[in-house]
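Peer 1: any chance you could fold what I've pasted below:
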Amino acid sequence: MYLNKKINFENDLLKTEIARANELGKAIDASELTPFDKANIEFVNQFKDGVEVENFRNQIKRIFELAGLNYELEKSRWWEKYHQQQDKRD
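Peer 2: Predicted structure coming up:
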């Protein structure tokens with residue numbers, strides 16, 4: 001349980017830092033950025049998307065939990081059914 005709180009804290013901290021970096025980036029003229037800076041912006045944006053997806057999945061897990069369902073079990077069942085349907089199409 002402690003591990004989940006730590007991960008959530010780290011995600012919240014990352015979101016805060018990413019938001020701060022985005023604000024700083026808006027204040028900088030793009031012509032002042034080096035190619036490395038631009039690559040870092042792209043990396044941060046990809047990482048931000050990953051954090052948002054992780055937060056979304058955690059919220060879905062919580063909803064499953066509140067509904068009395070096991071998220072991992074349901075996910076496994078869903079993927080199994082999905083792959084069976086894909087195999088039938090091939």
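Peer 1: please count neighbours and contacts with C-alpha atoms only from this point.
Peer 2: Will do.
Peer 1: all helices of this protein, in order?
Peer 2: 2-26, 35-66, 71-89 (DSSP state H).
Peer 1: could those helices be laid out in CSV, adding mean neighbour count and mean pLDDT?
Peer 2: Converted to CSV, the helices of the chain look like this (neighbours: other CA atoms under 10 Å; pLDDT from 0 to 100):
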stretch, mean neighbour count, mean pLDDT
helix 2-26, 12, 69
helix 35-66, 13, 86
helix 71-89, 11, 93
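Peer 1: residue 21 versus residue 27, what's the distance?
Peer 2: 10 Å (CA to CA, to the nearest Å).
Peer 1: mind listing what residue 88 touches?
Peer 2: Contact analysis of residue 88 by CA atoms under 8 Å, 6 or more residues apart in numbering lists nothing.
Peer 1: distance-wise, check residue 52 relative to residue 59.
Peer 2: 11 Å.
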